[in-house]
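Chemist: Please find the sequence and the predicted model below.
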Amino acid sequence: MEISWEPLSNLERNGPNLRYSVWWRRQGAGEGWSNVTTAGAKHTVHDTDTYVPYDIKVQARNDFGHGPESNVVTGYSGEDKPVDPPIDLRVSKVDSTSANIHWTPVDPTSILGEFKDCTTGAEASLLKVLRVSQEQRTKGFYSTAQRPSGVLGDLVPYSLYRMHLVVANHAYEGPPSNTVEFRTKEGA
């Protein structure tokens, strides 16, 4: 877990040998505070569990004394790769430029981090002269609903799409869901 803060400016130091005392403790564990003193504006805590909340506070010190402690803030230890794929990906209401998608969500504890989104995968066109940009091949959906769904828009008419879905936190994407194929209708 990396703890960082805005360092004091030269005008705010008010004395020589500026350093920071940093405290942290795991929330709800009944543990005392761990602490370290550092000259820099960040400290890395090693050997933490994956994505658990910590209470954190910082205090500036110099050779003349110490400043006030910061407010206690909540920080989280690092994220890891989500372990479960979304399941039962399916498509409905397909027209020439859009399709509705539905899936069964993953257990939130399997995300191993803060939920970012569910992202769809690739597509292929039936028209050989048409190239589809990377932006059109992926789309994110933010949904924590019990029965999540979304609309894929800006699809290419008369095209075959192969699609999967992955869950992502802010550091990693998880394994892909089942792959579904569908064809958009002719039209403009």
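Modeler: Cool, got the structure.
Chemist: Centre of this protein to the edge, which residue is at the far end?
Modeler: Taking C-alpha atoms, centre = their mean, the residue of the chain most remote from its mean C-alpha position is F64, at 42.1 Å.
Chemist: Check the contact between that one and N17; I expect there is one.
Modeler: No. Counting by C-beta atoms under 8 Å, N17 is not a contact partner of F64; they are 9.1 Å apart. Bear in mind the C-beta positions are built from the backbone N, C-alpha and C, glycine included.
Chemist: Can you find the helix or strand in this structure with the smallest mean pLDDT?
Modeler: Within the chain, no helix or strand scores below helix 134-137, which has a mean of 50 by mean pLDDT, DSSP states H and E.
Chemist: show me the contacts for the residue lying closest to I87 once chain neighbours are set aside.
Modeler: Leaving out its chain neighbours, the residue that sits closest to I87 by C-beta to C-beta, 6 or more residues apart in numbering is T104, at 4.7 Å. For T104, the contact set (C-beta atoms under 8 Å, 6 or more residues apart in numbering) comprises P86, I87, D88.
Chemist: ok, now how distant is the residue positioned nearest the centre of the chain from K81?
Modeler: Taking C-alpha atoms, centre = their mean, the centroid of the chain lies closest to H170, which sits 2.1 Å from it. Using C-beta to C-beta, to the nearest Å, one obtains 12 Å as the distance from H170 to K81.
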